[in-house]
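got a predicted structure plus its sequence, pasted below:
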Amino acid sequence: MRGYALYLFKRLFQFCLVVFIGINVTYLITHATPIDPVEQTITAATAFGTTSPEAIAMMRRSLQDLYGTGGSGFDQWLAFWRRIVVGDFGPSLSAFPTPVSTLIRRALPWTAGLMLVATLLSWGLGNLLGGLAGYYRRNRLLKFAGIVAMGVHPVPYYIVAFVLLIIFGYLWPVLPITGAYAQGLQPGFSLEFAGSVIRHSLLPTASLVLVGIGGWFMGMRSLVSNVVTEDYTVYAELAGVRRRRILGAYVMRNALAPQVTGLAMTLGAIFNGAIITEQVFGYPGLGSLLVAAVHAGDYSLVIGVTTVSILAVSFAVLLVDVLYPLLDPRVQAR
Amino acid sequence: MWKILRDLLRYNWEFTAGVILLAGVTIVALLSFVSPYPPLDVYVVAPDLPPSMEHWLGTTSRGQDVFWQLSVAIRNTLAFGIVVALISRVIALAVGLFAGYAGGPVDRLLMSVNDTFIVVPIFPILVLFYFVMRDQMSWGLLALVAACLGWAYDARLIRSIALSLKTREFTAQSAFSGMNAGEIVTREHLPYVMPVVFTTTMNNMNWSIGLEVTLSVLGFTDVNTPTIGGMIYWANQHAALVSGIWWWIAAPVALVIAVFVALFLLAVSMNEYIDPRSRLARMGGG
């Protein structure tokens, strides 16, 4: 148990470091801007006419803290961090006077759901197929799957999503290409709504899985082909253990551990992909929110989405790391 | 050197395919120097013409010849990838080699920072950067920032090699004969990691070109410099697909996919070349 506690402590420390460095990078970037976002935003907000003076004052204060005009450098840094820790980014300009945190809370579940399903699907399928391809090396079908995975893997998310959009939007329009559910449908726990959500998520998920699966496939295939030559595998074969059991309990189980570590390392990239995919398919998650915020010149919203992204990804990585000892008992023994 | 290339071409179909694809793309990029039209000018030819003998890949709604526009765009995009790869290689080599050689607390500290850069989602940060920079965002600035964010994964790889090199006898001998850490790392260890550096260069170029394309397509870069992403951006702005100008979109997408596949195949084949066991297996000797 002491080994696990030490492991947990190290992971927690790494989590704090990721958040610290990530947020400080955003601090540096926002304070390097050559324009004055505070006055620009206030002018834009008051141009709408009917706005309450309290909301304007709130916005001015939050923007001053986030983009640092006033006070010494250290004071600015403290004010910036206070805003992040409390999670208060002030009112948004594009949806004035809705707070930025409300907008993000509304968008986050869509992104999280999309990422979760896509990650589990591509990781699970990629490892399963890769494991099979590494174990049954002469299988034609699996060899072909390997070539397809290798071909799609290097292409970035945007291009794959875009090609899917062309195919299913213009050439063969069978799937919805925009939105998270059919328009006019009341969100709730009905069969119709759930079906609509699944139908709308098919294309974004497919683009993420298509790009993601190749890396896991190739990684698992080479890991398995190493494990197959290990003494314990050869021994199990000679002892007459059933092939399926060797593959599951001897080969795959041992090859899986580095793949879980790999999952933690690629979560950031998967998140980048999810953000871009959302933009292409008009999915109402963080990605669409971010792009819309940039186009609307909404300073508070952009910084809100960026910091929440960093927090969410580092938390997901921490979660994978905490669960890792379940798969690899060596961590606890140490 | 030539012998290695000959062996690779003969026994490794991935390498051959990658070289042929990349050579084709490079020729297109080099043709941009003899382009009959200035790349930044619009309405130099009749707009919306389909591919023909006169305009090989048709013309755009902005009155540009798609082929010549494409050759300038791919040149800029490739240059971007190369610049990012070079800068980030320097950072990755410095961090990886020194972390591996120093070991102990220095290694742990550097690797903690390193892991942070691996995990942090880069795309929102780059969007934020564009957002606060606006008109001052240039091609070079984007390359610099991308390089500063994209070195971490390769630094870890280089460090793992440096760790094992450190325990080899020649390292001890160099240390006893009076070389300092800097000299050992650059003169003794650097040659051993160079093959890995070449492989990671290909992967890093793929990564940075993908980043550039994605950012430009959304309009989050200097879209007036012709790049592959910029071309798709302008095509989308003119709703090229809806109005049936498909060649304006298809040409850059096809070419950039060729680049990705070529670089990836080269990386895979070089990776295999570094591992002598799989090289032997391929030649039928093992």
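Thanks, I have the structure now.

which of the helices or strands spans the nearest residue to residue A:137 once chain neighbours are set aside?
With Cβ to Cβ, 6 or more residues apart in numbering or on different chains as the measure, residue A:225 is the residue that lies nearest to residue A:137, at 7.3 Å, once sequence neighbours are left out. Backbone N, C-alpha and C define where each C-beta goes, glycine included. With elements taken from DSSP states H and E, the one containing residue A:225 is helix A:191-227.

flag the shaky bits of the chain, pLDDT-wise.
All of this is about chain A. Counting by pLDDT under 70, chain A has low-confidence residues at A:1, A:34-35, A:45, A:47-51, A:68-72, A:184-185, A:331-334.

meant chain B actually
Counting by pLDDT under 70, the ranges of chain B that qualify are B:275-286.

and the gap between residue A:253 and chain B?
With distances taken as Cβ to the nearest Cβ, to the nearest Å, residue A:253 is found 24 Å from chain B.

what about that residue, how many neighbours?
Residue A:253 is flanked by 14 other residues according to other Cβ atoms under 10 Å in any protein chain shown.

helices and strands around the helix or strand it falls within, which ones?
Using DSSP H and E, the secondary-structure element containing residue A:253 is helix A:253-281. Packed against helix A:253-281, as judged by 3 or more Cβ pairs under 8 Å, 6 or more residues apart in numbering or on different chains; DSSP states H and E, are the following elements: helix A:100-135, helix A:157-166, helix A:191-227, helix A:286-296, helix A:299-327, helix B:104-119, helix B:122-133.

and it, what's buried?
For helix A:253-281, burial by neighbour count (16 or more other Cβ atoms under 10 Å in any protein chain shown) applies to A:254-256, A:259-260, A:262-281.

quick check: residue A:237 is in a helix.
Yes: according to DSSP: H, G, I helix; E, B strand; the rest coil, residue A:237 belongs to a helix.

interface residues of the stretch 51-200 of chain B facing chain A?
For the stretch 51-200 of chain B, the residues found near chain A under the criterion Cβ under 8 Å from any Cβ of the partner chain are B:112-113, B:115-125, B:127-134, B:136, B:153.

the same query, at a cut-off of 6 Å, please.
B:112, B:116, B:118-121, B:123-124, B:127-129, B:131-132 (Cβ under 6 Å from any Cβ of the partner chain).

now the strands for chain B?
Taking DSSP state E as the test, none of chain B falls into strands.

for it, which segments are assigned as helices?
Listed in chain order, the helices of chain B (DSSP state H) span B:2-11, B:13-31, B:66-102, B:104-119, B:122-133, B:139-149, B:152-166, B:169-176, B:181-183, B:190-217, B:228-237, B:246-274, B:276-283.

gap between the fifth one and the chain center?
In other words, helix B:122-133. 20 Å (Cα atoms, centre = their mean, to the nearest Å).

elements contacting that helix?
helix A:2-30, helix A:299-327 (3 or more Cβ pairs under 6 Å, 6 or more residues apart in numbering or on different chains; DSSP states H and E).

got the angle for that helix vs helix A:299-327?
Here helix B:122-133 runs at 160 degrees with respect to helix A:299-327, directions being taken by axes from the mean of the first three to the mean of the last three Cα atoms, to 10 degrees.

can I get helix B:122-133 as PDB, trimmed to CA atoms?
Only the C-alpha atoms of helix B:122-133 are listed here, as PDB (Å, rounded to 0.1, in the frame of the first residue of the first chain):
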ATOM      1  CA  ILE B 122      -1.700  22.900 -27.500                       C
ATOM      2  CA  PHE B 123      -4.500  23.900 -29.900                       C
ATOM      3  CA  PRO B 124      -6.500  26.200 -27.500                       C
ATOM      4  CA  ILE B 125      -3.200  27.800 -26.400                       C
ATOM      5  CA  LEU B 126      -2.300  28.600 -30.100                       C
ATOM      6  CA  VAL B 127      -5.800  29.900 -30.700                       C
ATOM      7  CA  LEU B 128      -5.500  32.200 -27.700                       C
ATOM      8  CA  PHE B 129      -2.100  33.300 -29.000                       C
ATOM      9  CA  TYR B 130      -3.500  34.200 -32.400                       C
ATOM     10  CA  PHE B 131      -6.400  35.900 -30.700                       C
ATOM     11  CA  VAL B 132      -4.300  38.300 -28.700                       C
ATOM     12  CA  MET B 133      -1.800  38.900 -31.500                       C
END
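
residues in contact with the residue nearest the centre of chain A?
Centroid-nearest residue in chain A, with Cα atoms, centre = their mean: residue A:271, separated by 2.5 Å. Contacts here follow Cβ atoms under 6 Å, 6 or more residues apart in numbering or on different chains; on that basis residue A:271 touches A:313, B:121.

skipping its backbone neighbours, what lies nearest residue B:149 in space?
Using Cβ to Cβ, 6+ apart and skipping residues adjacent in sequence, the residue nearest residue B:149 is residue B:122, 4.9 Å away.

how near is that neighbour to residue B:207?
Distance, residue B:122 to residue B:207, by Cβ to Cβ, to the nearest Å: 9 Å.

and what of residue B:253?
Taking Cβ to Cβ as the measure, residue B:253 falls 18 Å from residue B:207.

who's more crowded, the two?
residue B:207 (23 against 20).

interface residues of the stretch 1-150 of chain A facing chain B?
If contacts are counted using Cβ under 6 Å from any Cβ, the residues of the stretch 1-150 of chain A sitting beside chain B are A:17, A:18, A:21, A:22, A:29, A:30, A:33.

redo these as TSV? Include neighbour count and distance to residue A:3.
Formatted as TSV, the residues of the stretch 1-150 of chain A next to chain B follow (neighbours: other Cβ atoms under 10 Å in any protein chain shown; distance: Cβ to Cβ, whole Å):
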residue	neighbour count	distance to residue A:3
A:17	17	21
A:18	26	23
A:21	18	27
A:22	25	29
A:29	20	39
A:30	22	41
A:33	18	47
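
residues contacting residue 99?
This is for chain A. By Cβ under 6 Å, 6+ apart, the contact set of residue A:99 is residue A:91.

that's the wrong chain, I wanted chain B
Shown here is residue B:99, whose contacts under the criterion Cβ under 6 Å, 6+ apart are B:107, B:110, B:159.
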